[in-house]
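Q: Using only what follows, build the 3D model:
(4 chains)
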Number of protein chains: 2
Amino acid sequence: MKTLPSITDVAQLAGVSIATVSRVLNNSKPVEAQTRERVEQAITKLKYRASAFGRGLANSRSQLLLVLVPDFSNPFYAQIVQGVGHIAHQHGYKILLSDLSGTETVQNLGSAAHFDRLADGVISLAHLDDSRGELEELRRLPWVACSEFVPESGIPYVSIDHCQAAQDAVQYLINRGHQRIGLITADEDYRWAAQRREGYAIALKRAGLPFEPELVRTVSSTDYAMGQQAAAGFLTLANLPSAVFALSDTLAIGAIKAFKRAGKRVPEDVAVVGFDNLPLADVFEPGLTTIAQPMRELGEVAAALLLERLAGGSPASRTLMHTLMVRDSA
Amino acid sequence: MKTLPSITDVAQLAGVSIATVSRVLNNSKPVEAQTRERVEQAITKLKYRASAFGRGLANSRSQLLLVLVPDFSNPFYAQIVQGVGHIAHQHGYKILLSDLSGTETVQNLGSAAHFDRLADGVISLAHLDDSRGELEELRRLPWVACSEFVPESGIPYVSIDHCQAAQDAVQYLINRGHQRIGLITADEDYRWAAQRREGYAIALKRAGLPFEPELVRTVSSTDYAMGQQAAAGFLTLANLPSAVFALSDTLAIGAIKAFKRAGKRVPEDVAVVGFDNLPLADVFEPGLTTIAQPMRELGEVAAALLLERLAGGSPASRTLMHTLMVRDSA
DNA sequence: CTGAAAGCGCTAACAG
DNA sequence: CTGTTAGCGCTTTCAG
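A: Next up is the predicted model:
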């Protein structure tokens, strides 16, 4: 674990200048076959690897893309990240992930800030509080938003139409004859939560159904446990809603569990629809009726937008299509 | 998005030398209150942030820990990562994650290598092929293994005793009277897969039960879909095993789904036990009987080991305790 | 307490 | 085709 070899060591061993080593490293300029050979041997012998720092300093870019993930335990993000990685790798970029869960909002910023001098650009899946100049902060380097975005910020984003998707989900329930439809919503810090909630309200209104506050349960995260907690709330009501729209599959699954434990049947006693279409939705019992987000594509497009910004472009935001997956839970 | 301010800009604005700026930045040497004040104002005004590159080069350390995750879509890793993050942050380190899924093994190396000059140390949850000198490669910088490890490598690791845990799981099944016990195992590239498989074999042998090759299904990943595929295999058998031990909860869940679709009841017709105790295990229907790994603690200990190595120590490997969680599936 | 200057590892002109 | 050299942004002696 002694100090790692530097470009100078390679140059010495190969009997050339560091410039030449750099050239074979990057294929940036022609190098005579023999010389190249010698350099390559030295590299292998020393197991040399260019330092990201030296290179980053000299180039003022790192070929690194930072992805800010609010919470790894929600499988929703995993596929987005894979989409990002797919495109990023194609273009010679590596991705760094930062798990923001467990950090304070303020520290989020710190965390992001730390990396923002490290990465060439950032893709944020997280909510950023625009009230506190966080956006201001990040605006200084190329970044794009994915799924969670602030329309007024003027920052490019890719997302589905959360409000419309929620309307579709609730409308489906209404079409199936439901009149009392509960909502499990999460921390409204997230724009998508507010937007989906609005979709819920719109659908209700359009159908002439009353908006009953007791039918909306707000929880603090999207953990399964929060879904259970919300469902427990419904269970205390004089009469249970006949259907529940949960803002995420994880919440829906938690809710179903709680309903079942309480002896209710899903969908017979309560229908439940989720949101996201996690891989789990298909495998859960009962199969989860849910809004499918094109997660991988969200990630891919986010990466593409960022790459375009890095190339000096000003890409337009994109809205992708959602679909309703009908399975057994509603 | 014009070029970001550097330490020189701050120094100029504050009318001091860059050395002084550096000193207030790091609190490394006393600075007169007034001077400090001026510098701090300049920093705020310019929204200055030290460049990770410059700093990294000068210090030859980055306060960054790299965590190599085989696959984000397996929720198992999420909690480990959170454990790592918890300890890392306490000690002023940030963590970088690298998702290895979808990359070739060879590229894994490249990926790791890339970062290895960027991070001060690495925690690997991934399998590293020792045949090809990958270990050799990584041995040059401080790293530790978590959950997946190569005992002979002499590299510190933290893990449960996979073999013993598997024995416990199978023994439980045997105690419940099962005689034909199937195994769903994953890619044996992973040591833990081989170790758990061995535990399965040992438990069988000890109970005087025959090892029947047709009862072991090997699949290529731990996705739900693979669990379904393995179960489909069992369903073609003349007679179904009365119990199945799956090497991960995700596989177990996939298998249960397939069994149910085929009209089998779990646990009445087939009992299923999983491995990991994901948050989902409790919420899935039926509740999953499984081996609980102390995931968060695995992450915390891994981080602690790495930090100790970074501090120059030679920490011993640690084996943590697993427990059997009995729920409804077996 | 503060400034000048060297150097961390690398790339990119600029000469040859 | 190859070597020399000047930074990139920061920390850290070394003087003062």
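Q: can you list the residues of chain A near DNA strand D?
A: A:15-20, A:23, A:29-32, A:34-36, A:54, A:57-58, A:60 (CB under 7 Å from any atom of the strand). All C-beta spots, glycine's among them, are computed from the backbone N, C-alpha and C.
Q: What would I type in PyMOL if I wanted to highlight the buried members of those residues and nothing else?
A: Applying 16 or more other CB atoms under 10 Å in any protein chain shown to the residues of chain A next to DNA strand D, the buried members can be selected in PyMOL as follows:
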select buried, chain A and resi 16+20+23+31+35+36+57
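Q: just checking: which of the residues of chain A next to DNA strand D also lie near chain B?
A: When CB under 8 Å from any CB of the partner chain is applied, the members of those adjacent to chain B are A:54, A:57.
Q: Could you report the separation of residue A:201 from residue A:271?
A: 19 Å (CB to CB, to the nearest Å).
Q: whoops, residue A:176 was the one
A: Separation of residue A:176 from residue A:271 (CB to CB) stands at 7 Å.
Q: Same question for residue A:24.
A: Counting by CB to CB, the gap from residue A:24 to residue A:271 is 65 Å.
Q: coming back round to it: residue A:201 and residue A:271: which is more packed in?
A: The neighbour comparison of residue A:201 against residue A:271 (other CB atoms under 10 Å in any protein chain shown) goes to residue A:271, with 23 against 18.
Q: In this structure the more buried one contacts residue A:241, no?
A: No: counting by CB atoms under 8 Å, residue A:271 does not reach residue A:241; the two are 9.1 Å apart.
Q: ok, for the residue in chain A sticking out farthest from the centre, nearest residue in space, not its chain neighbours?
A: Ranked by distance from the centre of chain A (CA atoms, centre = their mean), the top residue is residue A:15, with 48.7 Å. Here the nearest residue to residue A:15 in space, its sequence neighbours aside, is residue A:38; by CB to CB, 6 or more residues apart in numbering or on different chains that works out to 6.9 Å.
Q: which ones are touching the one you found?
A: A:14, A:15, A:16 (CB atoms under 8 Å, 6 or more residues apart in numbering or on different chains).
Q: what about it, which helix or strand?
A: Using DSSP states H and E, residue A:38 sits in helix A:33-46.
Q: quick one: the residue nearest to residue A:15 from residue A:22, how far?
A: Taken as CB to CB, the span from residue A:38 to residue A:22 is 15 Å.
Q: Where do the helices of the stretch 151-300 of chain A begin and end?
A: Counting by DSSP state H, counting those that start in this stretch, the stretch 151-300 of chain A has these helices, from start to end: A:162-175, A:191-206, A:224-235, A:249-261, A:279-283, A:295-310.
Q: Quick one: low-confidence residue ranges for chain A.
A: Chain A contains residues with pLDDT under 70 at A:1-2, A:102-114, A:116, A:129-138.
Q: now the strands for it?
A: In chain A, the strands defined using DSSP state E lie at A:64-69, A:94-99, A:121-124, A:143-146, A:157-160, A:181-186, A:216-219, A:243-246, A:271-276, A:289-292, A:318-320, A:323-325.
Q: just these: most buried one?
A: Sort the strands of chain A by mean neighbour count, taking mean count of other CB atoms under 10 Å in any protein chain shown, and strand A:243-246 sits at the top with a mean of 31.
Q: what sits up against that one?
A: Under CB under 8 Å, 6+ apart, the answer for strand A:243-246 is A:166, A:169-170, A:173, A:176, A:178, A:180-184, A:200, A:227, A:230-231, A:234, A:252, A:255, A:267, A:270-275, A:330.
Q: From residue A:5, how far off is the nearest residue to residue A:212 once chain neighbours are set aside?
A: Take residue A:212 and drop its neighbours on the chain: the residue closest to it by CB to CB, 6+ apart is residue A:180, 7.5 Å away. Residue A:180 sits 70 Å away from residue A:5, going by CB to CB.
Q: Have a look at these two and say which one is more surrounded.
A: It is residue A:5, of residue A:180 and residue A:5, that has more neighbours when counted by other CB under 10 Å, with 19 against 16.
Q: Taking the stretch 51-200 of chain A, what residue is nearest to DNA strand D?
A: Closest approach between the stretch 51-200 of chain A and DNA strand D, counting by CB to the nearest atom of the strand: residue A:57, at 3.4 Å.
Q: Residue A:327 is in contact with residue A:283, isn't it?
A: No: using CB under 8 Å, residue A:327 is not in contact with residue A:283; the gap is 10.4 Å.
Q: Tell me which of these two has more neighbours.
A: Comparing residue A:327 with residue A:283 by neighbour count (other CB under 10 Å), the higher total belongs to residue A:283, at 22 against 17.
Q: residue contacts, that one?
A: With CB under 8 Å, 6+ apart, residue A:283 has these contacts: B:224, B:228, B:253, B:254, B:257.
Q: Buried only: go through the residues you listed for me.
A: Among these, those classed as buried by neighbour count (16+ other CB under 10 Å) are B:224, B:228, B:253, B:254, B:257.
Q: Need the nearest residue in space to the fourth one, chain neighbours excluded.
A: Read it as residue B:254. residue B:227 (2.3 Å).
Q: Lovely, talk soon.
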